[in-house]
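Visitor: This is a predicted model, with the sequence first.
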Amino acid sequence: MPSYETFVMGVLAILGLVSMVAAILAILERDLVKAVIFSAIQSTAYAFMYYLLMAPDIALVYIPVAIGLYPAVVLFLIKKTERYEGD
Amino acid sequence: MRVIKVGRWQKVVITASMVAFVALLALALSAGGLGFTLPAGRVRDVARWYLFTTFNPDLELFSAMAPEGVTSIVWDYRGLDTLFETAVFFLAIIGSVAIMRDIKTGGGSKPKGSTGLSPIVKTVTRITVGIILAVAASIALHGHLTPGGGFQGGATAAVAPLLILVIFSRYYIERLGVSKNAMLAIRSLGLVGIAVTAFIVLAVTSLQGGVAYVFQNQPKPYAPAGMPYEVGGSLTGGTLLLFNIFEMFAVSAGFTIIFLLLAIPESEVLGVLRGGEDGH
């Protein structure tokens, strides 16, 4: 029977892996709209990690900023420029 | 530029060293900063002092008298830092407004036909906007009691005008009264409120002939004045409640200005920025 600490650390490790994969995909993706979505997935994992690290204040500011406002700003800017990244 | 040819073994070495670097960095950070068990068994001395004094009626001269440690640190122990953070955010917004100074926000005349997304999305948005604003008010107004505070509440509240702007239209949000000038007025009022709250104890005490600090919240040694930390049995956190309310208005209005400016189509922006025939 794993202890509570082991469970929390395991969930943190999974979230960290998910966030790393999402970050790599966001960097490699040529379609910038998809890149923003990958970035939002990474932010979602980070929000859970902040909550598990017992920083609910940071989680509360991270959810609206990193999942709502920041992708919205970047999507507005993509609409103003180009959607596909050139070589 | 000279192109460096990278062989297969060199690629393997580069990848392995990057992986090793990330792994060692993560190990060092977790071992040095967090410890191997969560929650950490031993609280550091500074954190212990904050936890000991954040709400301590036996030690009123050193206590912030608000049960939420983070908000106490943000607006009481380290209030000046937060004031400068707010100033930086304000300057960023002012810079954006200055760049877009001649460009009219809002959709102008009423657009023909239906605008925005489908009726399903609009109906769902009408419900969720109310929920978002209620949650934001709860986060900000309970900031001195539970996790949250002015910035958190303001950032959450700013999602509501963003949703209306995207899902309805620029014309619709202008008709609701959410214009650039109205948001600038709310934002300035919030900042004035923060400034007044920072000096309120000093001002009132000086008029009565006493001494006090700038950014004073609770009575301190040699400065016996302070804000009441409870009203009718409810904890208020003294200045913390006021700071949170004003910060919520300032932050949400600031974000809303940015979205109103970003929603202007690029053709209009370029038309104004390049100047017309009058050559400015």
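Guide: Now that the structure is in, tell me what you want to look at.

Visitor: and B:Ile132, what element?
Guide: Taking DSSP states H and E as the criterion, B:Ile132 maps to helix B:119-141.

Visitor: For chain A, what is the nearest residue in the stretch 1-150 of chain B?
Guide: Closest approach between the stretch 1-150 of chain B and chain A, counting by CB to the nearest CB: B:Pro147, at 3.7 Å. Every C-beta, even on glycine, is put in place using the N, C-alpha and C of the backbone.

Visitor: about what we covered before: and whatever helix or strand comes next after the helix holding B:Ile132, what does it pack onto?
Guide: Counting by DSSP H and E, the next helix or strand C-terminal to helix B:119-141 is helix B:150-167. Under the contact definition 3 or more CB pairs under 8 Å, 6 or more residues apart in numbering or on different chains; DSSP states H and E, helix B:150-167 sits against helix A:56-62, helix B:119-141, helix B:170-175, helix B:239-262.

Visitor: Output the contacting helices and strands for the helix holding B:Ile132.
Guide: The helices and strands touching helix B:119-141, judged by 3+ CB pairs under 8 Å, 6+ apart, are helix B:150-167, helix B:239-262.

Visitor: tilt between that helix and helix B:150-167?
Guide: Angle of helix B:119-141 versus helix B:150-167, following axes from the mean of the first three to the mean of the last three CA atoms, to 10 degrees, is 170 degrees.

Visitor: buried stuff in helix B:119-141?
Guide: Judged by neighbour count (16 or more other CB atoms under 10 Å in any protein chain shown), helix B:119-141 contains these buried residues: B:Thr125, B:Val129, B:Ile132, B:Leu133, B:Val135, B:Ala136, B:Ile139, B:Ala140, B:Leu141.

Visitor: Report the separation between the third one and B:Leu260.
Guide: Looking back up the chat, that one is B:Ile132. Distance of B:Ile132 to B:Leu260, computed by CB to CB, to the nearest Å: 18 Å.

Visitor: and what of the fourth one?
Guide: B:Leu133 sits 18 Å away from B:Leu260 when distances are taken as CB to CB.

Visitor: quick one: pLDDT of A:Pro2?
Guide: On the pLDDT scale, A:Pro2 is placed at 71.

Visitor: Quickly find the element holding it.
Guide: Judged by DSSP H and E, A:Pro2 forms part of no helix or strand.

Visitor: Now it. Nearest residue, chain neighbours left out?
Guide: In space, A:Pro2 comes closest to A:Gly10 once its chain neighbours are excluded; the distance is 7.6 Å by CB to CB, 6 or more residues apart in numbering or on different chains.

Visitor: Tell me, how many residues neighbour residue 24?
Guide: Let's take chain A. Using other CB atoms under 10 Å in any protein chain shown, the number of residues around A:Ile24 comes to 12.

Visitor: sorry, should have said chain B
Guide: Neighbours of B:Leu24 (other CB under 10 Å): 10.

Visitor: where does the stretch 51-200 of chain B dip in pLDDT?
Guide: Applying pLDDT under 70 to the stretch 51-200 of chain B flags residues B:105-113.

Visitor: Show me which residues of it sit near chain A.
Guide: B:70-71, B:139, B:147-149, B:151-152, B:155-156, B:158-159, B:162, B:166 (CB under 8 Å from any CB of the partner chain).

Visitor: Tell me which residue lies nearest the centroid of chain B.
Guide: B:Phe151 (2.8 Å; CA atoms, centre = their mean).

Visitor: Pretty sure B:Phe249 is one of the things that residue touches, is it not?
Guide: No. Using CB atoms under 8 Å, B:Phe151 makes no contact with B:Phe249, being 11.5 Å away.

Visitor: Test my guess that B:Gly153 contacts B:Ala140.
Guide: Yes. Using CB under 8 Å, B:Gly153 is in contact with B:Ala140, at 2.7 Å.
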